[in-house]
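# Any chance you can model this:
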Amino acid sequence: MTEVASNGLNAEAFCALVHRFFPDSFDFSTLKANEREKNFTLTFSTAESLAGCCPLLDVSDMLLMGKNPDPFSVFTYVQSLCQHLSKIERDRKERENQDEAEVQGKKEGEEPSEDKEQEIRAGEEQGEEERET
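Predicted coordinates for the structure are as follows:
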């Protein structure tokens with residue numbers, strides 16, 4: 001963060017962060033460092049639409065501040081963006097784990113284990129006892 005504050009804000013750095021989580025949202029290789037307005041607009045709008053991160057920084061303000069952006073504003077936005085992106089990453093991992101567990105469950109369903117067979121038998125026996133009464 002200190003480097004950003006002392007060397008000026010690189011719009012491509014924001015784009016790289018957002019692109020890491022949403023690689024299909026734009027072609028990072030086509031970005032040009034001298035197109036700061038376009039890059040800020042792209043990254044802020046992508047972060048808002050795909051990550052739900054409010055644009056706490058304004059493109060025109062970022063351009064006016066040039067190499068001297070307000071470090072507290074930048075830090076606040078980066079912190080918010082990272083929180084949103086971290087939540088997205090956690091949600092993705094949870095879905096992957098659930099999908100993996102479902103696939104594993106289906107595989108186990110094809111060849112029931114002894115414990116599963118015992119549970120099935122116990123349930124069948126309980127059903128027969130209930131019908132008899």
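# Show me where this protein has its helices.
Counting by DSSP state H, the chain has helices at residues 2-7, 11-21, 36-51, 59-65, 71-110, 114-132.
# Who are the packing partners of the fifth one?
So that's helix 71-110. Helix 71-110 sits against helix 2-7, helix 11-21, helix 36-51, with contacts defined as 3 or more Cβ pairs under 8 Å, 6 or more residues apart in numbering; DSSP states H and E. All C-beta spots, glycine's among them, are computed from the backbone N, C-alpha and C.
# Reformat those helices as CSV; add mean neighbour count.
Below are those laid out as CSV (neighbours: other Cβ atoms under 10 Å):
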stretch, mean neighbour count
helix 2-7, 11
helix 11-21, 18
helix 36-51, 18
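# wait, which of these is closest to residue 101?
Residue 101 sits nearest to helix 11-21 of all those, at 24.0 Å, using Cβ to Cβ.
# What is that closest one packed up against?
In this structure, helix 11-21 packs against helix 36-51, helix 71-110, with contacts taken as 3+ Cβ pairs under 8 Å, 6+ apart.
# Off-centre distance for that helix?
Centroid separation between helix 11-21 and its chain, computed with Cα atoms, centre = their mean, to the nearest Å, is 13 Å.
# Now do it against helix 71-110, angle only.
Relative orientation of helix 11-21 versus helix 71-110 (axes from the mean of the first three to the mean of the last three Cα atoms, to 10 degrees): 10 degrees.
# Could you list the residues in contact with helix 11-21?
Identification of contacts with helix 11-21 by Cβ atoms under 8 Å, 6 or more residues apart in numbering yields 4, 25-26, 28, 31, 33, 35-36, 39-40, 42-44, 46-47, 50-51, 62, 81, 85, 88-89.
# That's all I had, so thanks and see you.
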